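In: mind looking at a prediction? Sequence and model below.
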Amino acid sequence: QVQLVESGGGLVQPGGSLRLSCAASGFTLDYYGIGWFRQAPGKEREGVSCISSSAGNTYYADSVKGRFTISRDNAKNTVYLQMNSLKPEDTAVYYCAAKYLPGRSSCPRTYEYWGQGTQVTVSS
């Protein structure tokens, strides 16, 4: 069964940090581009970051650039999103998604598989 499972969300104070994990089962992430998205209540889903299957090229939305870092550990079949200097406006449900794109150095435009999401709340 193909599955993506996010974890690591929670409640954190402004300025704090969280590390989200996206673990894959039923397939190997090595050949997949991975994206992180978020959706806040009443807002559209937005792309936060992505990492290519090859070369480890990354992309960040302007709103998180310099604060978030995406990385992948293919041995653990997991992709991470390290989030530092969190702000209240980062509050959202965070989703990871995967697209089969072997040998590509760019991020996917569309995604095949989605996780169920993990809640991140930034509040004092």
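Out: Sure, I can see it. As the structure is a prediction and not an experimental result, all values here were calculated from the model.

In: quick one: residues contacting the residue nearest to the spatial centre of the chain.
Out: In the chain, the C-alpha closest to the average C-alpha coordinate belongs to W36, at a distance of 2.7 Å (C-alpha atoms, centre = their mean). W36 sits next to 20, 22, 47-50, 70, 79, 81, 94-97 when contact means C-beta atoms under 8 Å, 6 or more residues apart in numbering. Any C-beta I mention is one placed from the backbone N, CA and C, and that applies to glycine too.

In: want to throw the residues you listed into CSV with pLDDT?
Out: Listed next are the contacts of W36 as CSV, based on pLDDT from 0 to 100:
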residue, pLDDT
L20, 98
C22, 98
G47, 97
V48, 98
S49, 98
C50, 97
I70, 97
V79, 96
L81, 98
Y94, 98
Y95, 98
C96, 98
A97, 98
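
In: and the residues you listed, which of them are in strands?
Out: Members of the contacts of W36 lying in strands (criterion: DSSP state E): 20, 22, 47-50, 70, 79, 81, 94-97.

In: out of the residues you listed, which end up buried?
Out: Buried members of these, scored by 16 or more other C-beta atoms under 10 Å, are 20, 22, 48-50, 70, 79, 81, 94-97.
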